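> I would like to see how this sequence folds:
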Amino acid sequence: MRSAPTTRSAWQVVGASTAGTSVEYYDFFIYGTAAALVFPHVFFPEMTPVLGALSAFLTFGAGYLARPLGGIVIGHFGDTVGRKRMLVLTVLLMGGATLAIGLLPGYAQIGVAAPILLLVLRLVQGFAFGGEYGGAIIMAFEFAPEGRRGLFASLPHTGQSVGVLLGSAAFALVGGLPEGQLLTWGWRVPFLASVVLVAVGLVIRLKVTETPSFRAARRDNAIVRSPFVSLLRHHRCEVLLVAGTFTGFSAASILAITYMVGYARTAGGVPAGTLLTAITVATAVQLVTTPLSGWLSDRIGRTLLLGIGAAGTATAVSLMFGAVSNGRTGLVVLAYVLGWGVFFAAGVGVLPALFSDAFDTSVRYSGMGLGYQLATVLGSAISPTVATLLLGATGTSTSVSVYVVAILAVTLACGLVLARRVGSAASTTGEARTPDRVDT
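Sure, this is the predicted structure:
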């Protein structure tokens, strides 16, 4: 049994987890923005505009490929050395890589070494991110008072919204510069400014203690030598179910936030500024709706909210594509605020606690990291390509909508099975897990 943390210490840990996650998402977001606006000109100027843009986005995608490795390696040490040390490491790695990108000379200064170093730093970012998200959630989950794990585990996820909003604001401030100044020094400002966020996140994380669950496992000699091997032997189904449960939301997220902006330019029916405003408003709404979902899940169970979230997100993303294709601006805004701001948050708000409950303390960090990052590869990394191929083959966004509905149906099915396995394990093993109310 784990010792009960004080409410004050639990809230301190939530703050530390959320602050670090905000840093990670800020750094990841500004890289994606710079890859679209600046990097083709700064790091790939010798290429044609199309190849330059493609190369810049390939470096962006490389970060996703490094995530599972980060989840495995950092997860291993998180389960054997401790959660706190690894979360300090992830902030330092991500912050250091982001600062280095801000200081990196361009192709005009150091030639081909510039894009090579950019790729290396991007891989470091992805590696760090792979170990951050699951660890931040686990810290909050393992410190949470009984009956409030859904709420506490959901709060670090709001760091995604905070990071995106801060990143948007940072690039909005430099986006109005003349193109020459933006390409010379303006784009570097958001990267260099991340030092402030890293310092705040680092100070907060250094002040927290190790989680009660990990301290108890270490005291009882319950630390396994190779968590990853143990995970593959005894928790393969849980890893696959976690990946399946998040893949649909991951795909919907990248399609609604990143892919849709490019699609709107092609379709020409909705101004990009309107779309970006809708995304920003919906992201701000998530700051409230995500923890609200976690709080409700402690009272009515995870599965009902998961079902509402998956169904609502599938409907909303389908409406987004149709509305953008037909130039229905009002419907686009409504779909984003309700779909992204409410339904998506309702679904993902319950996942942190559900995923944490799926694994024992001895393999929780590794299991969360591997399952979640596999989902980002299957969802975020692949879905834009799938959507492009479907649009090219059919000539209509309806095919993409069908794809989104199908993948979220698989997500819901995996989530329901996972919830039942979590509830069954809690009731039959007597371990300190939170049984999910699968009858809701």
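> quick check: mean pLDDT across stretch 376-386?
In this model, stretch 376-386 carries a mean pLDDT of 85.
> tell me how far the ends of it are from each other?
One end of stretch 376-386 to the other measures 14 Å (C-alpha to C-alpha, to the nearest Å).
> Pull out the buried positions in the helix or strand bottoming out on mean pLDDT in the chain.
Across the helices and strands of the chain, mean confidence by mean pLDDT, DSSP states H and E is lowest for helix 260-267: a mean of 76. Across helix 260-267, burial judged by 16 or more other C-beta atoms under 10 Å covers Met260, Val261, Tyr263, Ala264, Ala267. The C-beta positions use only the backbone N, C-alpha and C, and glycine is treated the same way.
> from those residues, which two are the most distant?
Pairwise distances across the buried residues of helix 260-267 (C-beta to C-beta) peak at 11.0 Å, for the pair Val261 and Ala267.
> Show me where the stretch 151-300 of the chain has its helices.
Ranges of helices in the stretch 151-300 of the chain, per DSSP state H, counting those that start in this stretch, are 158-175, 179-181, 188-207, 212-219, 227-234, 236-254, 260-267, 272-300.
> quick one: low-confidence ranges for this structure?
Where the chain drops to pLDDT under 70, the residues are 1-8, 424-440.
> Where do the domain boundaries of it fall?
The record's domain parsing of the chain by automatic domain parsing lists 1-223, 226-440.
> returning to what we had before: could you dump the buried residues of helix 260-267 to a markdown table with distance to Leu37?
Shown next, in a markdown table, are the buried residues of helix 260-267 (distance: C-beta to C-beta, whole Å):
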| residue | distance to Leu37 |
| --- | --- |
| Met260 | 17 |
| Val261 | 12 |
| Tyr263 | 18 |
| Ala264 | 16 |
| Ala267 | 21 |
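> of all the residues you listed, which comes closest to Leu103?
Checking these against Leu103 with C-beta to C-beta, the nearest one is Val261 at 28.5 Å.
> show me the contacts for that closest one.
Shown in contact with Val261 (C-beta atoms under 8 Å, 6 or more residues apart in numbering): Ala272, Leu275, Leu276.
> Against Phe60, how distant is the second one?
It stands for Leu275. 20 Å (C-beta to C-beta, to the nearest Å).
> Quickly compare the helices of the stretch 151-300 of the chain and say which is most buried.
Here the criterion is mean neighbour count by mean count of other C-beta atoms under 10 Å, and of the helices of the stretch 151-300 of the chain the winner is helix 236-254, at a mean of 23.
> got a list of what Leu276 touches?
Taking C-beta under 8 Å, 6+ apart, we find Leu276 in contact with Ser168, Val261.
> and if you look at the one 5 residues further on?
When contacts are counted by C-beta under 8 Å, 6+ apart, Val281 is found next to Val333, Tyr336, Val337, Gly341.
> Could you export the least confident helix or strand of the chain as PDB, CA atoms only?
What follows is helix 260-267, C-alpha atoms only, in PDB (Å, rounded to 0.1, in the frame of the first residue of the first chain):
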ATOM      1  CA  MET A 260      -6.400  21.300 -41.500                       C
ATOM      2  CA  VAL A 261      -4.500  24.600 -41.900                       C
ATOM      3  CA  GLY A 262      -2.900  23.400 -45.000                       C
ATOM      4  CA  TYR A 263      -6.100  21.800 -46.300                       C
ATOM      5  CA  ALA A 264      -8.000  25.100 -45.700                       C
ATOM      6  CA  ARG A 265      -5.500  26.900 -47.900                       C
ATOM      7  CA  THR A 266      -6.000  24.300 -50.700                       C
ATOM      8  CA  ALA A 267      -9.800  24.300 -50.400                       C
END
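> What angle do helix 272-300 and that helix make with each other?
On the basis of axes from the mean of the first three to the mean of the last three C-alpha atoms, to 10 degrees, helix 260-267 is oriented at 140 degrees to helix 272-300.
> distance between helix 260-267 and the chain's centre?
Taking C-alpha atoms, centre = their mean, to the nearest Å, one finds helix 260-267 lying 23 Å from the centre of the chain it belongs to.
> show me what contacts Ala100?
With contact set as C-beta under 8 Å, 6+ apart, Ala100 has these partners: Leu121.
> what's the angle from the strand or helix carrying it to helix 188-207?
According to DSSP states H and E, Ala100 maps onto helix 83-103. If you take the same axes, to 10 degrees, helix 83-103 sits at 160 degrees to helix 188-207.
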